[in-house]
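Participant: quick one, what's the 3D model for this:
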Amino acid sequence: MAKTPKSKPEDTIAAKISRTLADRIVRGELAPGERLRQDHIAEEFGASHVPVREAFRRLEAQGLAVSIPRRGVRVADFGLADVREVAEMRAALEVLALRHAIPNMTAAILDEAEAATLEGDKAMDVRQWEEANRRFHRLITAPCNMPRLMEAIDGLHAASARFLFSAWRAGWERRTDKDHRAIIDALRGNRAEEAIRVLDGHVQWIGRTAIRTATGSTRDAFAIVG
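Facilitator: From the prediction side, this is the model:
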């Protein structure tokens, strides 16, 4: 039996660096347009430039970084078109997942989804809300038992989180999610098409807020708030 080739140490380090930087980008700790300095990152991780360059390539493949001639590697920016694309993709895939999940839905799952909604209502900042919101959506779609579909949805939620954290770094206000409650109520009442219709519109709702840039000016930022 052939042995599985072992990963090179550089591969393992590159994976660690790319995961860490990706998390910082998604959470808004690295802002759109910010330069990723190879020397600084290599020093932080105690690595050579080889795994750092590989980490940059991985980030570019994920759409989280771009290489700009004479300006280096920078955190990828995004606009309203990018947000709309992710919103429409989420709607299509989450509706598909929910359709397949409904036959496997239980009262216990809906109780957990309701608890996640309550946590979201009580969230004091955008990160707490995003965690609760993502948990709600995963609870009602995961019973589809389609791992590839759920992996794709998870990736879209990561993109949604990045938009959200970038737009609402400050000024988050507590909110009551009526759509979540409507979805739960429809699912408890065996009104499948109603639940699907509400979910489809819910994940395509895009919010707008004004944020201050590094130069002191303000610009509109958009995010999926569902």
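Participant: now do the closest residue to Leu149 other than its chain neighbours, the pLDDT please.
Facilitator: Leaving out its chain neighbours, the residue that sits closest to Leu149 by C-beta to C-beta, 6 or more residues apart in numbering is Ala97, at 5.6 Å. (Each C-beta comes from the backbone N, C-alpha and C, glycine too.) Ala97 carries a pLDDT score of 98 in this model.
Participant: surely Ala97 is in contact with Leu139?
Facilitator: No. Using C-beta atoms under 8 Å, Ala97 makes no contact with Leu139, being 11.3 Å away.
Participant: these two: which is more packed in?
Facilitator: Ala97 (24 against 21; other C-beta atoms under 10 Å).
Participant: Asn133 contacts Gly120, doesn't it?
Facilitator: Yes. In this structure Asn133 lies within contact range of Gly120 using C-beta under 8 Å: 5.3 Å.
Participant: what residues are shared contacts of these two?
Facilitator: Asp177 (C-beta atoms under 8 Å, 6 or more residues apart in numbering).
Participant: looking at those two, which is more packed in?
Facilitator: Asn133 (25 against 22).
Participant: quick one: that one from Leu59, how far?
Facilitator: 25 Å (C-beta to C-beta, to the nearest Å).
Participant: now the strands for the protein?
Facilitator: Taking DSSP state E, the strands of the chain run over residues 65-68, 72-75, 206-212, 218-224.
Participant: export those strands to a markdown table and append columns for distance to Pro143, mean neighbour count and mean pLDDT.
Facilitator: What follows is the strands of the chain, written out as a markdown table (distance: least, C-beta to C-beta, whole Å; neighbours: other C-beta atoms under 10 Å; pLDDT from 0 to 100):
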| stretch | distance to Pro143 | mean neighbour count | mean pLDDT |
| --- | --- | --- | --- |
| strand 65-68 | 35 | 16 | 88 |
| strand 72-75 | 36 | 18 | 91 |
| strand 206-212 | 27 | 14 | 72 |
| strand 218-224 | 23 | 18 | 74 |
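Participant: show me the contacts for the residue nearest to Ile109 when sequence neighbours are not counted.
Facilitator: Using C-beta to C-beta, 6+ apart and skipping residues adjacent in sequence, the residue nearest Ile109 is Leu139, 5.8 Å away. By C-beta under 8 Å, 6+ apart, the contact list for Leu139 reads Ile109, Glu112, Ala113, Ala116.
Participant: same thing but 6 Å
Facilitator: By C-beta atoms under 6 Å, 6 or more residues apart in numbering, the residues touching Leu139 are Ile109, Glu112, Ala113.
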